[in-house]
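Visitor: mind looking at a prediction? Sequence and model below.
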Amino acid sequence: MQFERQSGVFLHLTSLPGPHGIGDLGSGARAFVDFLDRADQSLWQFCPLGPTASIHGNSPYQSSSAFAGNPLLIDLRDLVDRGYLTTDEVEPPGALSQQHVNYDRVTEFNTGRLRDAYATFDESASDADQQSFTEFCEREAGWLDDYALFTALKAEFDDAGWMDWPDDIRTRESAAMERYRDELADDIRYHKFVQWCFDSQWQALAEYAAERDIGLVGDLPIYVGLDSADVWAYPEVFRLDDDHHPAEVAGVPPNPGDDGQRWGNPVYDWETLRENDYGWWVDRFERLFDLVDIARIDHFKGFDEFWSIPAEAEDPAAGQWRDGPGAHFFETVEGRLGDLPFFVEDLGFLDESIVALRDRFGFPGMRVPQYADWCEEGHMYQPMHYPESAVGYTSTHDTDTIVGYYRDLADRQRDCLHYNLGTDGDEINWDLIEAVWNSNAVVAMTTMQDLLGLDSDARFNVPGTATGNWEWRATEAALDDEVAERLRQVTDRTIR
């Protein structure tokens with residue numbers, strides 16, 4: 001797919017300003033769209049939108065569903081407007097931080113309010129809302145029925161992973177499925193109601209953004225979590241053993257200087273998927289593009305080849321490379337869905353085969369200046385050497401902020417950066433924003449933290465750490481006219 005020269009800002013939904021301790025799909029989201037509009041931006045990028053859990057560090061990359069939305073993002077004030085809740089009911093309990101998300105407190109409060117809203121839905125909802133809910137449940141039944149049952153079962157079994165459920169329901173025996181659908185019918189309907197709330201609010205936000213010519217850029221992790229509705233409902237899609245436990249899991253091999261990583265996500269059974277024309281993936285893409293205009297594929301390498309580790313092995317070195325589906329996958333999916341508007345995360349994996357796969361379908365790869373050797377002439381991660389077929393980022397959700405990165409640079413690298421960018425580094429965040437915006441990359445992206453010149457305290461995620469991630473929030477004051485105007489000037493000057 002051909003992209004126009006454009007630019008945008010990364011800010012995950014949880015980081016939006018708002019009164020309930022976490023960003024949501026309401027006025028804070030619309031205010032950010034307005035900020036992007038004032039700044040003459042074209043794109044808003046964010047992390048995956050699925051449900052998160054404290055057991056996985058609240059990571060949006062370890063979700064219980066590849067299809068569902070995160071209930072914590074639902075705007076409670078919209079439910080007041082619909083008549084499901086009162087103003088007093090959504091008054092936040094005590095002082096919730098405007099700088100960081102306290103997931104435990106937010107989850108307890110929001111879940112209680114959503115239960116209250118559901119309890120009044122049948123008697124309070126308008127005819128239009130009742131019809132919309134019914135139509136949503138029918139339209140999305142392909143994933144919604146399994147997700148709602150899965151989530152109800154999680155509560156029934158004290159949040160145990162599905163691998164530890166009784167054998168009959170763990171392996172989805174027909175009698176057990178029918179029995180639990182009957183016993184948990186109201187809880188199942190509640191989870192469908194929550195997803196309808198998310199979907200209806202999301203569609204309203206997407207329409208608001210589209211009216212201002214702001215494209216929404218989502219994120220597609222290649223793998224799904226083991227304890228997810230997807231693996232439980234579609235065991236044939238994954239490399240599981242006869243007892244529905246993982247036979248092989250994903251990771252990356254050791255490299256000089258590190259021991260590799262064992263992620264633990266079940267890998268796909270690509271042979272079975274190919275026989276079925278990748279039906280599960282087609283459904284996943286269709287749902288994704290119901291929500292967003294463009295998507296970034298995380299770990300694009302896995303479609304070319306993937307590191308597969310025996311499930312019983314703890315050492316990543318025990319794994320081996322296996323062939324991914326390659327071009328056949330994207331040809332098949334494009335045959336069903338048309339051109340695929342993807343960016344791809346190809347950082348650190350630029351061997352010949354992945355470059356050929358990426359370029360064959362015209363997917364722009366990523367370039368991040370924090371990976372640059374500033375003293376090596378022509379280094380590929382220096383912004384002045386980005387190709388047109390690239391998306392240039394100042395930083396990402398997984399890297400330090402520009403200011404934090406710059407502070408930790410070795411003296412020689414800092415001197416070379418100054419020389420290459422013609423700067424003294426006093427406003428290093430704007431220096432690198434300008435450099436990425438001025439590059440040949442077809443798309444230029446920065447983060448809200450970099451726009452504000454924040455240091456490492458505002459970093460969103462430190463890979464390999466279990467706590468303190470995904471918590472940073474922007475305040476209402478951050479959506480400043482002065483910042484928007486400065487970004488607008490850079491954008492206009494660099495013809496984006």
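Guide: Looks like it came in fine.

Visitor: what are the phi and psi values at the nearest residue to Arg115 once chain neighbours are set aside?
Guide: Of all residues not flanking Arg115 in the chain, Tyr190 sits nearest, at 7.2 Å (Cβ to Cβ, 6 or more residues apart in numbering). The C-beta positions use only the backbone N, C-alpha and C, and glycine is treated the same way. As for Tyr190, its main-chain torsions (degrees, to the nearest 10) stand at phi -60, psi -50.

Visitor: let me know whether Tyr190 touches Tyr118 as I believe.
Guide: Yes. With contact defined as Cβ atoms under 8 Å, Tyr190 counts as touching Tyr118 (4.9 Å).

Visitor: if we can go back for a sec, dump the residue contacts of the residue nearest to Arg115.
Guide: Arg115, Tyr118, Ala152 (Cβ atoms under 8 Å, 6 or more residues apart in numbering).

Visitor: what ranges does the stretch 151-300 of the chain have for its helices?
Guide: 167-170, 174-183, 185-211, 229-233, 270-275, 279-291 (DSSP state H, counting those that start in this stretch).

Visitor: so which of the ones you listed gets nearest Gly404?
Guide: Taking Cβ to Cβ, helix 185-211 is the member of the helices of the stretch 151-300 of the chain nearest to Gly404, at 29.6 Å.

Visitor: now the closest one: buried residues?
Guide: The neighbour-count check on helix 185-211 (16 or more other Cβ atoms under 10 Å) flags 187-202, 204-206, 209 as buried.

Visitor: look up how far Ala311 lies from the residue nearest to Pro235 when sequence neighbours are not counted.
Guide: Leaving out its chain neighbours, the residue that sits closest to Pro235 by Cβ to Cβ, 6+ apart is His244, at 5.3 Å. From His244 across to Ala311, the span is 12 Å (Cβ to Cβ, to the nearest Å).

Visitor: need the contact list for Ala125.
Guide: Arg82, Gly83, Tyr84, Phe133.

Visitor: just those: which are in strands?
Guide: Residues of the contacts of Ala125 located in strands (DSSP state E): none.

Visitor: ok, so of the residues you listed, who is nearest Trp374?
Guide: Arg82 (53.7 Å).

Visitor: ignoring the adjacent residues along the chain, who's closest to the closest one?
Guide: Arg82's closest residue in space is Asp129 (Cβ to Cβ, 6+ apart), at 6.5 Å.

Visitor: what's the helix or strand harbouring that neighbour packed up against?
Guide: Mapping Asp129 onto the secondary structure by DSSP states H and E places it in helix 127-139. Identification of packing neighbours for helix 127-139 by 3 or more Cβ pairs under 8 Å, 6 or more residues apart in numbering; DSSP states H and E yields helix 185-211.

Visitor: for Val391, helix, strand, or coil?
Guide: strand (DSSP: H, G, I helix; E, B strand; the rest coil).

Visitor: that one: neighbouring residues, count only.
Guide: Using other Cβ atoms under 10 Å, Val391 has 28 other residues around it.

Visitor: any idea how far Val443 is from it?
Guide: Counting by Cβ to Cβ, the gap from Val391 to Val443 is 4 Å.

Visitor: could you do Glu135 as well?
Guide: 35 Å.

Visitor: and those two? Which one has more around it.
Guide: Neighbours were counted for Glu135 and for Val443 using other Cβ under 10 Å; Val443 has more, 24 against 11.

Visitor: on that earlier part again, can you give me the neighbour number for the residue nearest to Arg82?
Guide: Applying other Cβ under 10 Å, I find that Asp129 has 17 neighbouring residues.

Visitor: wait, isn't it in contact with Asp78?
Guide: No. Asp129 is not in contact with Asp78 according to Cβ under 8 Å; the separation is 11.2 Å.

Visitor: give the contact list for Ile294.
Guide: Neighbours of Ile294 in contact, by Cβ under 8 Å, 6+ apart: Leu43, Gly215, Leu216, Val217, Gly218, Pro341, Phe342, Phe343.
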